[in-house]
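Visitor: can't give you the sequence, but here's the structure:
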């Protein structure tokens, strides 16, 4: 049973996981290269802040690595190979941890920002492990302390989910940034788009995005398409408009 | 006072507006080239179905044109110029109606699908008119019978809002279609992305999309970016990924 947890990282994911775990788990070492960050987190969840991985609690039942993808390998190289570990990345495979006795993945499919509360219990987690025994341990740990929405996913499937999430979430967020820049030219607040966006998302999940596609490209309204492209000032933005419109038209056609 | 309304069109917008208006207005002529469509709508809202514009009720206080953008001009050419009219398009200007005595715009910023209920009262409407007297009439009509969320917007401002809506709503819906195609390769249901998407949208509106940007491009994780582009099979999709990622990186940099 996993009851005592170390966490490596003090960023968005680490902060959210810790705040949920601290209700039902014993939090032990909290590592950040920036000691003040580790200390701030440790104070909230009654853990032990460290800025040197040599000081990590070797008796923890699980060490969760929640650092930037680029930093995972360096962190791993400094940890004793006897520590049971998981990382939380969507795009890094399990193979980076193979020197360890017990290792796995605990990938939460969500976008995390520190100062924004989240219902961790509603997040889908995808897990993978070095053995079926360790997989079962991680599954039970996740269900008990984080979220009941847990599925097994190998590294390839997880990379597919992560790619889909980049298109759906990261790129959509950026489209809202583009929309804001467009609205800024007339001092129109982004909030005018809020009812539209909520309905867009809810409708797409209720009915399926292929059949809910609307707009000039979906109805092949070339006049509007040409007019809108002409008002865009930057070439990259014109290209994004053209490429997505082309794919919308093809998708609507294939759906008809 | 506007109390008696004709509607031209039997599509998504016409259907939703009628179902709300019929509670408090007298619905008169309902036009569709397809008489069975007009008749089906008319039965629901106690209007008079017509498939010939010559039969339109000349004593209605307002005639709402809710047809495809491309069909607006043709419809206008067949209507008596004494009829007070508005169209509901985001991208067509007022000038197409200038032969009429009283004309204007009543643009609802929302995505409409026939079989999906909508809270019309929460939709932002943007209005414009040929005179201040007629503008006031439309404003009062909208507030009384449709939504209190009404703002004046000239045709340029409306075209800016419409362009932003295309990026935010139409393009986002398409990104969900792309995400679904990606997930389909591993038989993963689109629903795994639902908590992520709702949080993405709510967070972007709460904090602003520029500062809520996350993902590989936002943290300049070139390894993941290259790996993900390599897994995409279609050139247009690769280009969309590259272009949006480039703009995300630039936006995050300018924000730092």
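Guide: Nice, I can see it. For clarity, every value in this text was computed on a predicted model and none was experimentally measured.
Visitor: buried set for stretch A:220-237?
Guide: A:221, A:224-225, A:228, A:232, A:237 (16 or more other Cβ atoms under 10 Å in any protein chain shown). Bear in mind the C-beta positions are built from the backbone N, C-alpha and C, glycine included.
Visitor: return only those of those found close to chain B.
Guide: Among those, proximity to chain B is found for A:221, A:224, A:228, A:232, A:237 (Cβ under 8 Å from any Cβ of the partner chain).
Visitor: my guess is the first one contacts residue B:72. True?
Guide: No - applying Cβ atoms under 8 Å, one finds residue A:221 not in contact with residue B:72, separated by 11.2 Å.
Visitor: was I right about residue A:215 contacting residue B:167?
Guide: No - between residue A:215 and residue B:167 there is no contact under Cβ under 8 Å: 10.0 Å.
Visitor: among these two, which residue is more densely surrounded?
Guide: For residue A:215 versus residue B:167, the count of surrounding residues by other Cβ atoms under 10 Å in any protein chain shown is larger for residue B:167: 27 against 23.
Visitor: SS state for the more buried one?
Guide: Under DSSP: H, G, I helix; E, B strand; the rest coil, the three-state class of residue B:167 is helix.
Visitor: residue A:227 and residue A:216: what is the separation?
Guide: 9 Å (Cβ to Cβ, to the nearest Å).
Visitor: sorry, that was for residue A:230
Guide: 13 Å.
Visitor: repeat that for residue A:68.
Guide: Note on residue A:68: its distance to residue A:216, by Cβ to Cβ, is 39 Å.
Visitor: neighbour count winner among those two?
Guide: Neighbours were counted for residue A:68 and for residue A:216 using other Cβ under 10 Å; residue A:216 has more, 24 against 13.
Visitor: for the more buried one, what is the enclosing helix or strand?
Guide: In this structure, residue A:216 sits in neither a helix nor a strand according to DSSP states H and E.
Visitor: what about the stretch 51-200 of chain A, any weak spots by pLDDT?
Guide: Residues of the stretch 51-200 of chain A meeting the criterion pLDDT under 70: none.
Visitor: list the contacts of whatever residue of the stretch 1-150 of chain A ends up closest to chain B.
Guide: Closest contact between the stretch 1-150 of chain A and chain B, by Cβ to the nearest Cβ, is at residue A:91 (4.6 Å). Residue A:91 makes contacts with A:69, A:158-159, A:162, B:216, B:221, B:224, B:227-228, as judged by Cβ atoms under 8 Å, 6 or more residues apart in numbering or on different chains.
Visitor: can I get the residues you listed in CSV with distance to residue B:23 and secondary structure?
Guide: Output for the contacts of residue A:91, formatted as CSV (distance: Cβ to Cβ, whole Å; DSSP: H, G, I helix; E, B strand; the rest coil):
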residue, distance to residue B:23, secondary structure
A:69, 54, helix
A:158, 50, helix
A:159, 51, helix
A:162, 47, helix
B:216, 49, coil
B:221, 53, coil
B:224, 52, helix
B:227, 55, helix
B:228, 50, helix
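Visitor: dump those into a markdown table; add distance to residue A:15 as well.
Guide: Listed next are the contacts of residue A:91 as a markdown table, based on distance: Cβ to Cβ, whole Å:
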| residue | distance to residue A:15 |
| --- | --- |
| A:69 | 17 |
| A:158 | 22 |
| A:159 | 25 |
| A:162 | 21 |
| B:216 | 20 |
| B:221 | 20 |
| B:224 | 22 |
| B:227 | 27 |
| B:228 | 26 |
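Visitor: out of those, which one sits closest to residue A:256?
Guide: Of all those, residue A:256 sits closest to residue B:228, with 30.2 Å by Cβ to Cβ.
Visitor: how far away is the residue lying closest to residue A:131 once chain neighbours are set aside from residue B:220?
Guide: Using Cβ to Cβ, 6 or more residues apart in numbering or on different chains and skipping residues adjacent in sequence, the residue nearest residue A:131 is residue A:102, 6.9 Å away. Note on residue A:102: its distance to residue B:220, by Cβ to Cβ, is 32 Å.
Visitor: and the residue of the stretch 51-200 of chain A at minimum distance from chain B, how many neighbours does it have?
Guide: Across the stretch 51-200 of chain A, the shortest distance to chain B (Cβ to the nearest Cβ) belongs to residue A:170, at 3.2 Å. Around residue A:170 there are 21 other residues, counting by other Cβ under 10 Å.
Visitor: does it touch residue B:212 like I think?
Guide: No - the criterion here is Cβ under 8 Å, and residue A:170 misses it with residue B:212 at 10.2 Å.
Visitor: what touches both of the two?
Guide: Joint contacts of residue A:170 and residue B:212 (Cβ under 8 Å, 6+ apart) do not exist.
Visitor: which residues touch the closest residue to residue A:240 other than its chain neighbours?
Guide: Spatial nearest neighbour of residue A:240, chain neighbours left out: residue B:243 (5.1 Å); criterion: Cβ to Cβ, 6+ apart. Residue B:243 makes contact with A:236, A:239-240, A:243, according to Cβ under 8 Å, 6+ apart.
Visitor: pipe those residues into JSON lines and attach pLDDT, distance to residue B:119 and secondary structure per row.
Guide: Output for the contacts of residue B:243, formatted as JSON lines (pLDDT from 0 to 100; distance: Cβ to Cβ, whole Å; DSSP: H, G, I helix; E, B strand; the rest coil):
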{"residue": "A:236", "pLDDT": "97", "distance to residue B:119": "36", "secondary structure": "helix"}
{"residue": "A:239", "pLDDT": "98", "distance to residue B:119": "36", "secondary structure": "helix"}
{"residue": "A:240", "pLDDT": "98", "distance to residue B:119": "31", "secondary structure": "helix"}
{"residue": "A:243", "pLDDT": "98", "distance to residue B:119": "34", "secondary structure": "helix"}
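Visitor: wait, a strand at residue A:126?
Guide: Yes - counting by three-state DSSP, residue A:126 is part of a strand.
Visitor: any idea how far it is from residue A:88?
Guide: Distance from residue A:126 to residue A:88, by Cβ to Cβ: 10 Å.
Visitor: joint contacts of the two?
Guide: Common neighbours of residue A:126 and residue A:88, using Cβ under 8 Å, 6+ apart, are A:105, A:107.
Visitor: what segments of chain A are helices?
Guide: Counting by DSSP state H, chain A has helices at residues A:12-21, A:35-45, A:72-77, A:132-145, A:155-165, A:171-184, A:194-207, A:209-212, A:222-231, A:235-255.
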